[in-house]
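A.B. asks: coords please:
(chains A and B)
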Amino acid sequence: EVQLQQSGPEVGRPGSSVKISCKASGYTFTDYVMNWVKQSPGQGLEWIGWIDPEYGSTDYAEKFKKKATLTADTSSNTAYIQLSSLTSEDTATYFCALYSYWGQGTLVTVSS
Amino acid sequence: DVVMTQTPLSLPISLGDQASFSCRSSQSLLHSNGNTYLAWYLQKSGLSPQILIYRISNRFSGVPDRFSGSGSGTDFTLKISRVEPEDLGVYYCLQHTHLPNTFGAGTKLELK
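C.D. replies: Next comes the predicted model:
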C-alpha cells in the first residue's frame, strides 16, 4: 500500500525557515516524481514543484522559485521541502503528492 | 502557464441528482506522447485531495462507476450520475501535461 507520511505542524517566525518531510513507502521511491502542493486557508490548490528522486532534478512554479527548495533522500525514501524567508503569506497546509496518492498535509503557521 | 478554468464555482444539488463539472484549459493538454494528463480530484472538508479520474476518463482504483470523465484538447467534463452524501466537497481538475502543473480553482458540490 502506497503511503506518504508527512511531518507534524510547524510554527515559524517571520524571516525564518522551516523544513517539512514526506516519508514514502509501498512503492519504489525513485520510480516517480514527488510533487508539493500548497493550500492557503480556505483557498484552492497551488502546485509548488516536483523533484525526481532518482536524479535529484527539480522544477518549480515561478512564484515558488525563491521560496521553496525541494530535496530527496533515497536512503530513507524521504522527500523534503524547505520554505525560506517566511512571511504571513506562507501560512498554509503543504502536501506532498504523487499524482494518485497524497500525504496528509502539514500545517505551517508563520507567527511572531 | 496553462490556465485551468472550472465552472461553476458552486453546484447546489439534491441527493440522487446528476452533477456535471466543467474544466477548460488555455491550451491543449495533448502531450507529444499522445496522452492527455488531465486528472480530477475530490477534497472533502479537512482531508487531503483524493484522485477520482486520471488521463481524462480513467477511474482510479476503488472509485465508484457513478463517476465518469470525458473530453479532449482543452475541454473536459466530470459527471456524477447520482450524487451520494459522500460525494460532497470541492472538485479540482489538474493538468500535468505542461510545466508548471496547474489546478483549476475548484467547484464546490453542496446540498441545495
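
A.B. asks: Close to chain B: what parts of chain A are there?
C.D. replies: A:35, A:37, A:44-47, A:49-50, A:59-62, A:95, A:97, A:99-105 (Cβ under 8 Å from any Cβ of the partner chain). C-beta: built from backbone N, CA, C; applies to glycine.

A.B. asks: can you list contacts of stretch A:31-45?
C.D. replies: A:22, A:24, A:46-54, A:64, A:68, A:70, A:72, A:79, A:81, A:89, A:91-99, A:105, B:41, B:43, B:49, B:90, B:92, B:94, B:101, B:103-106 (Cβ atoms under 8 Å, 6 or more residues apart in numbering or on different chains).

A.B. asks: Kindly format the C-alpha coordinates of it as PDB.
C.D. replies: C-alpha atoms of stretch A:31-45 as PDB (Å, rounded to 0.1, in the frame of the first residue of the first chain):
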ATOM      1  CA  ASP A  31      10.200   5.500  -9.900                       C
ATOM      2  CA  TYR A  32       8.000   8.600  -9.600                       C
ATOM      3  CA  VAL A  33       8.400  12.300  -9.200                       C
ATOM      4  CA  MET A  34       7.200  13.800  -5.900                       C
ATOM      5  CA  ASN A  35       5.000  16.900  -6.100                       C
ATOM      6  CA  TRP A  36       4.500  19.500  -3.500                       C
ATOM      7  CA  VAL A  37       1.200  21.500  -3.300                       C
ATOM      8  CA  LYS A  38       0.200  24.500  -1.200                       C
ATOM      9  CA  GLN A  39      -3.200  25.200   0.200                       C
ATOM     10  CA  SER A  40      -3.700  28.500   1.900                       C
ATOM     11  CA  PRO A  41      -6.500  28.700   4.500                       C
ATOM     12  CA  GLY A  42      -9.900  28.500   2.700                       C
ATOM     13  CA  GLN A  43      -8.300  28.500  -0.700                       C
ATOM     14  CA  GLY A  44      -7.600  26.200  -3.600                       C
ATOM     15  CA  LEU A  45      -4.600  24.100  -4.500                       C
END
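
A.B. asks: For that stretch, buried residues please.
C.D. replies: Of all the residues in stretch A:31-45, those buried under the rule 16 or more other Cβ atoms under 10 Å in any protein chain shown are A:32-39, A:44-45.

A.B. asks: and what of stretch A:10-20?
C.D. replies: A:10, A:12, A:18, A:20.

A.B. asks: circling back: buried ones among the residues of chain A next to chain B?
C.D. replies: Among the residues of chain A next to chain B, the ones that count as buried (16+ other Cβ under 10 Å) are A:35, A:37, A:44-47, A:49-50, A:59-61, A:95, A:97, A:99, A:101-103, A:105.

A.B. asks: Please report how far A:I48 lies from A:W36.
C.D. replies: A:I48 is 4 Å from A:W36, where distance means Cβ to Cβ, to the nearest Å.

A.B. asks: Can you pull the residues of chain B lying near chain A?
C.D. replies: Near chain A, when you scan chain B using Cβ under 8 Å from any Cβ, you find B:1, B:39, B:41, B:43, B:48-51, B:54, B:60, B:90, B:92, B:94, B:96, B:99-106.
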